[in-house]
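Colleague: After the sequence you'll find the predicted model.
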Amino acid sequence: MATISRTAARVFYYARNVARDVAPQALFRARLAGRLERARLSGEAARRRLNYYNKLQDGFAPSADAMRIGKLPFTPTMYYYDLKEFARYFDPGLLIDLEFGDVRNVPKVPSIVKDRPICADDKNAIIMKLDKFRHFQMPADAMSFADKLPSVVWRGDLNNPIRTRFLNAVRDLPFCDAGSHKPNAPPEYARPFLSISQHQRYRYIVSLEGNDVATNLKWIMNSKSLCMMPPPTYETWFAERQLEANVHYVPLAADFSNLEDHVAYFERNPAEAERIIAAANAYCRTFDDEQTEQTISLLVLYKYFVLSGQIKPDAEVWRYITG
């Protein structure tokens, strides 16, 4: 259920992106050199992040299925707008391989994606901040951990066996308010819809992956509730692989058998819960600076086009990227 503020933000998102699309695109391309000049002055943290999202080191050729920037697919629309926001700074004839939607496997050729499986050889999956209106919703939380309900909460679609396994594991635990608000949920799993602010009333919020990453993970970690989840197996721009168990979140066993013990421990040791919450909040602040986010996004694409042999690198910018 959309709130008034969420609806207003969505309207602004589309209005801004439509305006960018109808503006003369040459205006953006004329600004590329200046943006790259500022980008090369970014710090080491930004450089590490861009090379984490784009791990390519060797040259490659776009595939026969690569698309020209000027002909990117318009659907899903938010993926299009989020990629075009930065792709429009480059020549519209440049080729780009991409996979919109939930990516379950590493692409066979270097491709722009929203997410990738966490595995050893993932360099062909080049992460951009796509579908960010949905995935990077991280509202503030004014309620302290101590003032929250001493209970566990979870809501979501039953689109993954892990989620059904979780509901079966906690169904008899009196401190768990867990279920699915979706109309197609079986009666034994059905629970009423809860907004983010209603979730934030609970001390413990569970995050479970669905088709790929867990959409709720980012706003949970930005709250003053304690995030509990199995170790992630997919990652997005949020770099879920870099999250540390017992530092940024509380790890749950595959069968969720340790959830009850975890809750009992943190009820006895609230300072330990608040330590993890503080680290999670600090991790979320990594993504607060919009100028840095834009700089990294532009450089991820720039590195892609240089290594694909489509543009000649500026010596200073390339020196910054490669360190």
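Modeller: Noted; the coordinates are in hand. Numbering: from 1, shown residues only.

Colleague: what does stretch 76-88 rub up against?
Modeller: 13-14, 17, 20-21, 25, 28-29, 69, 72-74, 96, 98, 100-101, 112, 114, 128-134, 294, 297-298, 301 (Cβ atoms under 8 Å, 6 or more residues apart in numbering). Yep, even glycine has a C-beta here, placed from its N, CA and C like the rest.

Colleague: What are the boundaries of the helices in this structure?
Modeller: Per DSSP state H, the chain carries helices over the ranges 4-22, 25-30, 32-39, 44-53, 77-87, 132-135, 161-170, 196-199, 217-221, 259-268, 270-284, 290-307, 315-322.

Colleague: hmm, which of the contacts of stretch 76-88 are the buried ones?
Modeller: 17, 25, 28, 69, 72, 96, 98, 100, 112, 114, 128-132, 297-298, 301 (16 or more other Cβ atoms under 10 Å).

Colleague: Now for residue 134: which residues touch it?
Modeller: Per Cβ under 8 Å, 6+ apart, neighbours of residue 134: 78, 215.

Colleague: For residue 47, see how far away it is.
Modeller: Distance, residue 134 to residue 47, by Cβ to Cβ, to the nearest Å: 28 Å.

Colleague: What are the buried residues along the lengthiest strand in the chain?
Modeller: Using DSSP state E to define each element, the chain has its longest strand at strand 149-155. Under the neighbour-count criterion of 16+ other Cβ under 10 Å, strand 149-155 has 151, 152, 153, 154, 155 buried.

Colleague: Ok, stretch 299-313 next?
Modeller: Buried residues in stretch 299-313, counted by 16+ other Cβ under 10 Å: 299, 300, 301, 302, 303, 304, 305, 306, 307, 308, 310, 313.

Colleague: same question for it, mean pLDDT?
Modeller: Averaged across stretch 299-313, the pLDDT comes to 98.

Colleague: Figure out the length between the terminal residues of that stretch.
Modeller: In stretch 299-313, first residue to last residue: 11 Å (Cα to Cα, to the nearest Å).

Colleague: Name the residues that touch it?
Modeller: Stretch 299-313 is contacted from outside by 36, 39, 46, 50-51, 53-54, 56-62, 86-87, 89-91, 94-96, 110, 112, 126-128, 317-318, 321, using Cβ under 8 Å, 6+ apart.

Colleague: And those residues, which of them are buried?
Modeller: Buried members of those, counted by 16+ other Cβ under 10 Å: 36, 39, 46, 50-51, 53-54, 56, 62, 86-87, 89-90, 94-96, 110, 112, 126-128, 317, 321.

Colleague: separation between residue 285 and residue 292?
Modeller: Residue 285 is 11 Å from residue 292, by Cβ to Cβ.

Colleague: Leaving out sequence neighbours, find the closest residue to residue 31.
Modeller: residue 89 (6.7 Å; Cβ to Cβ, 6 or more residues apart in numbering).

Colleague: Distance of the one you found relative to residue 59?
Modeller: Applying Cβ to Cβ to residue 89 and residue 59 gives a distance of 22 Å.

Colleague: What pLDDT does the model give residue 137?
Modeller: 88.

Colleague: Compute the number of surrounding residues for residue 107.
Modeller: Per other Cβ atoms under 10 Å, the neighbour tally for residue 107 reads 18.

Colleague: quick one: pLDDT of the residue nearest to it when sequence neighbours are not counted?
Modeller: Spatial nearest neighbour of residue 107, excluding adjacent residues (Cβ to Cβ, 6+ apart): residue 124 at 4.9 Å. Model confidence at residue 124, given as pLDDT, is 98.

Colleague: and if you look at residue 1?
Modeller: Per-residue pLDDT puts residue 1 at 50.

Colleague: And the longest strand of the chain, how far out from the chain middle?
Modeller: With Cα atoms, centre = their mean, to the nearest Å as the basis, strand 149-155 stands 23 Å off its chain's centre.

Colleague: Other residues contacting that strand?
Modeller: By Cβ under 8 Å, 6+ apart, strand 149-155 touches 166, 170, 173, 175-181, 191, 193-194, 199, 201-206, 208, 228, 259, 263, 267.

Colleague: Which ones among these map onto strands?
Modeller: The strands, defined by DSSP E, take in 176, 177, 178, 179, 202, 203, 204, 205, 206, 228 from the contacts of strand 149-155.

Colleague: would a markdown table of those residues with neighbour count be doable?
Modeller: Shown next, in a markdown table, are these (neighbours: other Cβ atoms under 10 Å):
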| residue | neighbour count |
| --- | --- |
| 176 | 23 |
| 177 | 18 |
| 178 | 21 |
| 179 | 22 |
| 202 | 23 |
| 203 | 26 |
| 204 | 26 |
| 205 | 25 |
| 206 | 28 |
| 228 | 24 |
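
Colleague: still on that earlier bit, okay, the angle between the longest strand of the chain and strand 202-206?
Modeller: With axes from the mean of the first three to the mean of the last three Cα atoms, to 10 degrees applied, the angle from strand 149-155 to strand 202-206 works out at 30 degrees.
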